[in-house]
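Participant: okay, here's the prediction I keep looking at, along with the sequence it came from:
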Amino acid sequence: GLTLATDKRLLFAGTMGVTHKVSIEEFTYDKISSINYSKGWLPTASLIFTVSGGKMEIIGIKPNAAQHFRQTVNEQIGKYSK
């Protein structure tokens, strides 16, 4: 899948199920209430986004990339929560 942080929203794109149908979800930053970072015992990390209507999780990310992405998204959330 692909996760993209723009200046206005967060986009998740990936394939779903056995049909491999492409699904795209987008959330404006005012709909994201939190983003949590979790590092497992493998050299990978996870990001868990709490958004209106549920949670989105990205797994298997390099820890440095995950921390940088989290910081970037938190900065955007801060701009839209004022």
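Facilitator: Received the coordinates, thanks. Numbering: from 1, shown residues only.
Participant: please, which helix or strand holds the nearest residue to residue 10 once chain neighbours are set aside?
Facilitator: The shortest distance from residue 10 to any non-neighbouring residue, by C-beta to C-beta, 6 or more residues apart in numbering, is to residue 27 (5.0 Å). For glycine as for every other residue, the C-beta is placed from the backbone atoms N, C-alpha and C. For residue 27, the host element (DSSP states H and E) is strand 21-28.
Participant: which secondary structure elements does the helix or strand bottoming out on mean pLDDT in the chain contact?
Facilitator: For the chain, using mean pLDDT, DSSP states H and E, the weakest element among its helices and strands is strand 9-16, scoring a mean of 84. Applying 3 or more C-beta pairs under 8 Å, 6 or more residues apart in numbering; DSSP states H and E, one finds that strand 9-16 contacts strand 2-5, strand 21-28.
Participant: next, the angle from the last one to strand 9-16.
Facilitator: Think strand 21-28. On the basis of axes from the mean of the first three to the mean of the last three C-alpha atoms, to 10 degrees, strand 21-28 is oriented at 160 degrees to strand 9-16.
Participant: buried set for strand 21-28?
Facilitator: residue 27 (16 or more other C-beta atoms under 10 Å).
Participant: quick check: mean pLDDT of it?
Facilitator: Strand 21-28 shows a mean pLDDT of 87.
Participant: now the helix or strand that that strand is followed by against strand 9-16, angle please.
Facilitator: For strand 21-28, the following helix or strand on the C-terminal side (DSSP H and E) is strand 32-39. Strand 32-39 and strand 9-16 meet at an angle of 60 degrees, taking the same axes, to 10 degrees as the criterion.
Participant: what's the next secondary structure element after strand 32-39?
Facilitator: Next along from strand 32-39, by DSSP H and E: strand 45-51.
Participant: contact partners of that next one?
Facilitator: Contact with strand 45-51 is made by 10, 27, 31-40, 55-63, 66-67, 69-70, 73, as judged by C-beta atoms under 8 Å, 6 or more residues apart in numbering.
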